[in-house]
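In: Structure here, sequence nowhere to be found:
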Ligand SMILES: NC(=O)C1=CN([C@@H]2O[C@H](COP(=O)(O)OP(=O)(O)OC[C@H]3O[C@@H](n4cnc5c(N)ncnc54)[C@H](OP(=O)(O)O)[C@@H]3O)[C@@H](O)[C@H]2O)C=CC1
Ligand SMILES: O=C(CO)COP(=O)(O)O
């Protein structure tokens, strides 16, 4: 293993933005399934030999990707994905646990549109890991325009980052239906309560939902057309077909599959998640106006 070297795996929007950021202080490699003309682009084998890895591939692809490609050699890893596996309802930390020991892995959370990070605009992120040492090791790689915080609430950060994508879809629908700012603020506020309730069931801390990982990322994505998930919601409000919306998007909108995962988990464990459940129904063809009526009735 090449000591003190760092690589980003996945050269999508977020991978490229993280690569730009991490390349400021020292050379950072990047690799991806599709070869690209990027500075320091290397093959997967070279990247995998780095001591520090940042993995930015969609949540639904991670299990297969790990099985087919990953060899643990003691690397320290940051997971940049935000989603819950729909097929199993498993959280990413549970999937990674079969491949990497807890003390070698952390999860990035917080409000961070790739399009702004790649311009070097300021932002604040949380690195969530059971190991403070892992945070201390990764922190020096981050440039001055990214302020980092440490939290050990891995499950809280994961749920907040995944859930806000579903709520961003709901908010996009609300915007598209022109229901007004009062309705949208109510939806976002009730969404925050809902994701905290869901998180509590799995042992997440309330403070994660009130800080950058929860409210911070929710307020960002649920209020902006820069969010892919929000744009999915706008498309649904116009009665566009989901497959057409996703094709037009051309990038991942994690909320679509995460809505399935939340629906599955909330039914299994009897957790009250009305907004996520309606999003799942809309994604499956329910008329958004009927959903809103059902959500708003007393
Ligand atoms: N964009 C953003 O602002 C932010 C995104 N995130 C999260 O980061 C994750 C990635 O998002 P983002 O980069 O924006 O998405 P994109 O759709 O832009 O890119 C996805 C990346 O994943 C790779 N990929 C897709 N499927 C596979 C697979 N089966 N095996 C290997 N690689 C695969 C693609 O590789 P290739 O192109 O080489 O084929 C591509 O590099 C998501 O979970 C997202 O929620 C988190 C914070 C901010
Ligand atoms: O997670 C994000 C910003 O923090 C990006 O959100 P979208 O995937 O909805 O664009």
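Out: Thanks, I have the structure now. Owing to the predicted nature of the structure, the values given are computational and were not obtained by experimental measurement. Ligands and ions are numbered 1, 2, ... in the order given.

In: Quick one: residues contacting residue 209.
Out: 156, 160, 192, 195-196, 199, 215 (CB atoms under 8 Å, 6 or more residues apart in numbering). All C-beta spots, glycine's among them, are computed from the backbone N, C-alpha and C.

In: give me the beta-bridge partners of the residue nearest to residue 154 when sequence neighbours are not counted?
Out: Among residues not flanking residue 154 along the chain, residue 128 sits closest, at 4.8 Å (CB to CB, 6 or more residues apart in numbering). Counting by DSSP bridges, residue 128 is bridged to residue 107, residue 151.

In: Distance-wise, check residue 128 relative to residue 214.
Out: 12 Å (CB to CB, to the nearest Å).

In: now residue 225
Out: Applying CB to CB to residue 225 and residue 214 gives a distance of 21 Å.

In: How about residue 186?
Out: 17 Å.

In: who's more crowded, the two?
Out: residue 214 (28 against 15; other CB atoms under 10 Å).

In: Would you mind listing what in the stretch 101-250 of the chain touches ligand 1?
Out: Selection of the stretch 101-250 of the chain residues close to ligand 1 by CB under 6 Å from any ligand atom yields 112-114.

In: Need the residues you listed in JSON lines (columns: pLDDT and neighbour count).
Out: Below are these laid out as JSON lines (pLDDT from 0 to 100; neighbours: other CB atoms under 10 Å):
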{"residue": "112", "pLDDT": "98", "neighbour count": "25"}
{"residue": "113", "pLDDT": "98", "neighbour count": "20"}
{"residue": "114", "pLDDT": "98", "neighbour count": "20"}
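
In: and of those, the nearest to residue 289?
Out: residue 113 (29.4 Å; CB to CB).

In: contacting residues around that closest one?
Out: 220, 224, 226-227.

In: let's see it at 7 Å
Out: 220, 226 (CB atoms under 7 Å, 6 or more residues apart in numbering).

In: any idea how far it lies from residue 223?
Out: 11 Å.

In: Also residue 117?
Out: Separation of residue 117 from residue 223 (CB to CB): 18 Å.

In: Give me the more crowded residue out of those two.
Out: residue 117 (22 against 18).

In: so where do the strands sit in the stretch 101-250 of the chain?
Out: For the stretch 101-250 of the chain, applying DSSP state E, counting those that start in this stretch gives strands covering 105-109, 123-128, 146-151.

In: So which elements touch the shortest one?
Out: Secondary-structure packing of strand 105-109 (3 or more CB pairs under 7 Å, 6 or more residues apart in numbering; DSSP states H and E): strand 76-79, strand 123-128, helix 132-138, helix 154-176.

In: Can you point out the buried residues in the third one?
Out: Buried residues in helix 132-138, defined by neighbour count with 16 or more other CB atoms under 10 Å: 134-135, 137-138.

In: Just name the closest of the residues of the stretch 101-250 of the chain next to ligand 1 to residue 69, please.
Out: Nearest to residue 69 among those, with distances taken as CB to CB, is residue 114, at 22.7 Å.
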